[in-house]
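Peer 1: I need the structure of the sequence given here:
(one chain, ligands or ions: 1)
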Amino acid sequence: MLEVKGLTRQYGNFVAVDNVEFTIGDREIVGLLGHNGAGKTTIMKMLSAYLEPDQGQILIGGHDLADSAKQVQQTLGYLPESLPIYPELVVADYLDYAAELKGLAGEQKFAEIRRVIQATAIQDRILAPIATLSRGYKQRVGVAQAILGKPKLLILDEPTNGLDPAQTAQMRKLIRTLAGEATVILSTHILQEVEALCDRVLILHGGRLVLNEKLDKLRHSNHLLLVTSLTPDAAERQLLGINGVTHLESLNQQPDQHSGYRYRLTLSDRDSSHLVSARLANTLVNAGADIYQIQPELRDLETLFREVSAAPQLTNINKEELSHAA
Ligand SMILES: Nc1ncnc2c1ncn2[C@@H]1O[C@H](COP(=O)(O)OP(=O)(O)OP(=O)(O)O)[C@@H](O)[C@H]1O
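Peer 2: So this is what the prediction gives:
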């Protein structure tokens, strides 16, 4: 659905987006995550053809955005970070105007306006001037204009920005519903937003893409945690020879009072953790050791975000993650 190659944008001498590349498949919900100033809005604006890249290419549904910006713009839905909403217009007139910009006319236009009003639950405020709406309602009006014409690609810049917890929950529910019909890319600096909504996360740091990974894969690292009665010396001898184990780290030199020695094993391939766990159990049983625990080490997005945000260059983790990216 969306392919981005070598995307770069400078403001004067300052590089805001630096050689960013990613691909998003049909009906994925992808979160673009980064600190303030990481380059999220600049990317969103380029994806929606409101800003031209200095370098790089954006393909939407196979069409190059540079060749047909106006047509492609009509086929996507964009919720900008700051809504270009006209305060004096009433909601219905604003949606009518937005529908015409999307090339809708006649009965089809009215049917679409009715549909988006219902989808975003703004029926009771359609005759209100936009200036009188609460932040949550304004955001919903912004989403309503974005989904006019049933776009196959929705670009949502900080969709829950400024919403209270109840409005945030409503907005997330709405995004989930929309994602059934469209590919969604949303930007945020809220980690929980990504965890609650997204299939995949792209993390930006200083304009560079430092991570591109599916969330379920992200949670599984390529490490196993082991607690056993096997002493560190014996563990070095016995466990490093197991097929698929590349590194062994001893987490305590003395056994804990109520358990044994704790180890962290690095695997050559994280997808083989079940297989390696079975080999590990077998080896330990044959060595006559007690096994107290074998489990994959799970990571959370917050830890990972801290790691990649602390290191401007791609770390080993990032390189590994990127190589696993679908
Ligand atoms: N028009 C502009 N002129 C100069 N610098 C700009 C302009 N727009 C953005 N920048 C700079 O480019 C960098 C990226 O900005 P951008 O708005 O894309 O970040 P962001 O990740 O969306 O941040 P936020 O979460 O605060 O919205 C920032 O350092 C910002 O100050």
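
Peer 1: Return the residues of this protein in contact with the ligand.
Peer 2: By C-beta under 6 Å from any ligand atom, the residues of the chain that approach the ligand are 11, 14, 16, 34, 36-42, 81, 189. Quick note: C-beta positions are derived from backbone N, CA and C, even for glycine.

Peer 1: which residue packs closest to residue 276, ignoring adjacent ones?
Peer 2: Leaving aside its chain neighbours, residue 276 sits nearest to residue 244 (4.2 Å; criterion: C-beta to C-beta, 6 or more residues apart in numbering).

Peer 1: Could I get the contacting residues of that neighbour?
Peer 2: 267, 268, 269, 272, 275, 276, 279 (C-beta atoms under 8 Å, 6 or more residues apart in numbering).

Peer 1: of these, buried ones?
Peer 2: Buried members of the contacts of residue 244, scored by 16 or more other C-beta atoms under 10 Å, are 267, 276.

Peer 1: Which single one of the contacts of residue 244 is nearest to residue 227?
Peer 2: Closest to residue 227 out of the contacts of residue 244 is residue 276 (15.9 Å), distances taken as C-beta to C-beta.

Peer 1: gap between the closest one and the ligand?
Peer 2: Per C-beta to the nearest ligand atom, to the nearest Å, residue 276 is found 39 Å from the ligand.

Peer 1: Make 77 the starting number, not 1.
Peer 2: Noted, 77 is the first residue going forward, which turns the last one into residue 352.

Peer 1: mind listing what that residue touches?
Peer 2: For residue 352, the contact set (C-beta under 8 Å, 6+ apart) comprises 300, 318, 319, 320, 321, 341, 343.

Peer 1: What's the PyMOL line that selects buried ones from the residues you listed?
Peer 2: In PyMOL, a selection of the buried entries from the contacts of residue 352 looks like this (16+ other C-beta under 10 Å):
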select buried, resi 300+318+320+321+341+343
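
Peer 1: nearest to the ligand, of the contacts of residue 352?
Peer 2: The ligand has its nearest neighbour among these in residue 343, at 34.5 Å by C-beta to the nearest ligand atom.

Peer 1: quick one: what helix or strand has the residue lying closest to that closest one once chain neighbours are set aside in it?
Peer 2: Leaving aside its sequence neighbours, residue 343 sits nearest to residue 298 (C-beta to C-beta, 6+ apart; 4.7 Å). Applying DSSP states H and E as the criterion places residue 298 in strand 296-304.

Peer 1: From the chain's centroid, how far away is that strand?
Peer 2: Taking C-alpha atoms, centre = their mean, to the nearest Å, one finds strand 296-304 lying 26 Å from the centre of the chain it belongs to.

Peer 1: Check stretch 358-371 too.
Peer 2: Centre to centre, stretch against its chain (C-alpha atoms, centre = their mean), the figure for stretch 358-371 is 38 Å.

Peer 1: In this structure residue 284 contacts residue 97, no?
Peer 2: No: under the criterion of C-beta atoms under 8 Å, residue 284 makes no contact with residue 97, lying 10.4 Å away.

Peer 1: ok, these two, which is more surrounded?
Peer 2: Of the pair residue 284 and residue 97, residue 284 is the one with more neighbours under other C-beta atoms under 10 Å, namely 19 against 13.

Peer 1: count of neighbours near the residue in the stretch 177-326 of the chain positioned nearest to the ligand?
Peer 2: Minimum separation of the stretch 177-326 of the chain from the ligand (C-beta to the nearest ligand atom) falls at residue 265, amounting to 5.2 Å. Residues contacting residue 265 under the criterion other C-beta under 10 Å number 17.

Peer 1: what do you get for the one 3 residues further on?
Peer 2: Number of residues near residue 268 (other C-beta under 10 Å) recorded here: 13.

Peer 1: Pull the contacting residues for it.
Peer 2: Applying C-beta under 8 Å, 6+ apart, we find residue 268 in contact with no residue.

Peer 1: got it, and residue 204?
Peer 2: By C-beta under 8 Å, 6+ apart, the contact set of residue 204 is 166, 167.

Peer 1: now swap in the one 3 residues further on and tell me
Peer 2: Under the criterion of C-beta under 8 Å, 6+ apart, the contact partners of residue 207 comprise 163, 164.
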